[in-house]
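[1] Sequence and predicted structure below; questions after.
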Amino acid sequence: MGALELREKWEKSIKTVDDRFLQMVDALYEGYFKNEIVAYYPDGTPMSRHEYKMALDSAESQILKGDYISADAFEKEEN
């Protein structure tokens, strides 16, 4: 059964399953995405999707606070 057929099947049956089943599926779903390696830290260790999202949120927060330097300033620091 392909992805399209599975999606259609679940769309039809999601309203009929009990709470316990939904909790098990939710735990499986969360585990799948939290443990999936999507990037790597500068030292080469793997980064999960959850860790990557947290790093992006942190970076966005720093940008909004003005906590960054320009590319030109960075290049001058390196020389």
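    Cool, the structure landed.

[2] Count the neighbours of residue 63 for me.
    By other C-beta atoms under 10 Å, the residues close to residue 63 number 10. All C-beta spots, glycine's among them, are computed from the backbone N, C-alpha and C.

[3] typo on my end, it should be residue 33
    13.

[4] who's in contact with whichever strand or helix holds it?
    Using DSSP states H and E, residue 33 maps to helix 19-35. Residues from elsewhere that reach helix 19-35, judged by C-beta atoms under 8 Å, 6 or more residues apart in numbering: 17, 48, 49, 50.

[5] Now do it: distance to the chain's middle.
    What separates the centre of helix 19-35 from the centre of its chain is 15 Å, taken as C-alpha atoms, centre = their mean, to the nearest Å.

[6] average pLDDT for the helix or strand just after it?
    Downstream of helix 19-35, the next assigned helix or strand under DSSP H and E is strand 37-40. Strand 37-40 comes out with an average pLDDT of 87.

[7] Using PDB, list the CA coordinates for strand 37-40.
    Coordinates of each C-alpha in strand 37-40 appear next as PDB, following Å, rounded to 0.1, in the frame of the first residue of the first chain:
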ATOM      1  CA  ILE A  37      19.100  12.900  12.100                       C
ATOM      2  CA  VAL A  38      18.700  16.000  10.000                       C
ATOM      3  CA  ALA A  39      21.900  17.900  10.500                       C
ATOM      4  CA  TYR A  40      25.300  17.800  12.300                       C
END
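
[8] Off-centre distance for that strand?
    Using C-alpha atoms, centre = their mean, the offset of strand 37-40 from its chain centre is 10 Å.
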